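**Student:** What follows is a predicted protein model with its sequence.
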Amino acid sequence: MARSIDIEGRRRSVSEAAGRVLARDGLGALSVRNVAAEAGLPPSTVRYVFPTQSSLREHTITFVFDRTRERVAAIPAGLPPRERARRMLLELLPLDDERVIELEVYLALANAALTDAELRPALDGVVDEMREWSDEVLTLVGVPEADRVYEARRLHALIDGLAMHLVRLAPGESGAWAIDVLDRHLGGLAQR
């Protein structure tokens, strides 16, 4: 009798393994063989759940961003608006090992999306959601609607820039300065 396979569970474990390969070894190492070895699965299983390289890439970027989305959704709705805004933004920064890996995956796949038309929609979805979160943060801190388009772009650029600096910190180096920059920026927005 054939065993039932938990396809979503396999996709998740293969996507996690792909993320580790990408973060550790870069996009060039993202192969069925390397991902299968990282996941402890035979290559045929990886090919079964992701028949194409493109499907593996797309699911991996979606999977990584789903984690971010889950963390943002878990922020208590009853917090004071400025604290909720701050907590949302902190979830977007690579302040722990898990989020560093997620950002490394995002960066690798974002670069790949520049030449991979099949991957581009997944990347565009991530960027759109980041813009929506920026707008939500600005609403929470009371930025007038007339200023939100400009301020959302500025906030998105600030978060991306801080993330790029944080992901390149030396082991043991503190990212507290980035939180201070973020807090000062939020403080300036709230004073408008």
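**Tutor:** Noted; the coordinates are in hand.

**Student:** so where is this structure shaky, pLDDT-wise?
**Tutor:** Residues of the chain meeting the criterion pLDDT under 70: 1-5, 192.

**Student:** One more pass at 50, please.
**Tutor:** Across the chain, the ranges flagged by pLDDT under 50 are 1-2.

**Student:** Mind jotting down where the helices sit in it?
**Tutor:** 7-25, 32-39, 43-49, 53-73, 81-91, 97-113, 120-140, 148-167, 176-190 (DSSP state H).

**Student:** okay if I get the ones you listed as TSV plus mean neighbour count?
**Tutor:** All C-beta atoms are positioned from the backbone trio N, CA, C, and that covers glycine. Shown next, in TSV, are the helices of the chain (neighbours: other C-beta atoms under 10 Å):
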stretch	mean neighbour count
helix 7-25	18
helix 32-39	18
helix 43-49	16
helix 53-73	18
helix 81-91	18
helix 97-113	19
helix 120-140	17
helix 148-167	17
helix 176-190	15
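
**Student:** what's residue 51 sitting at in phi/psi?
**Tutor:** phi -70, psi -20 (degrees, to the nearest 10).

**Student:** and it, how many neighbours?
**Tutor:** If you count neighbours by other C-beta atoms under 10 Å, residue 51 ends up with 10.
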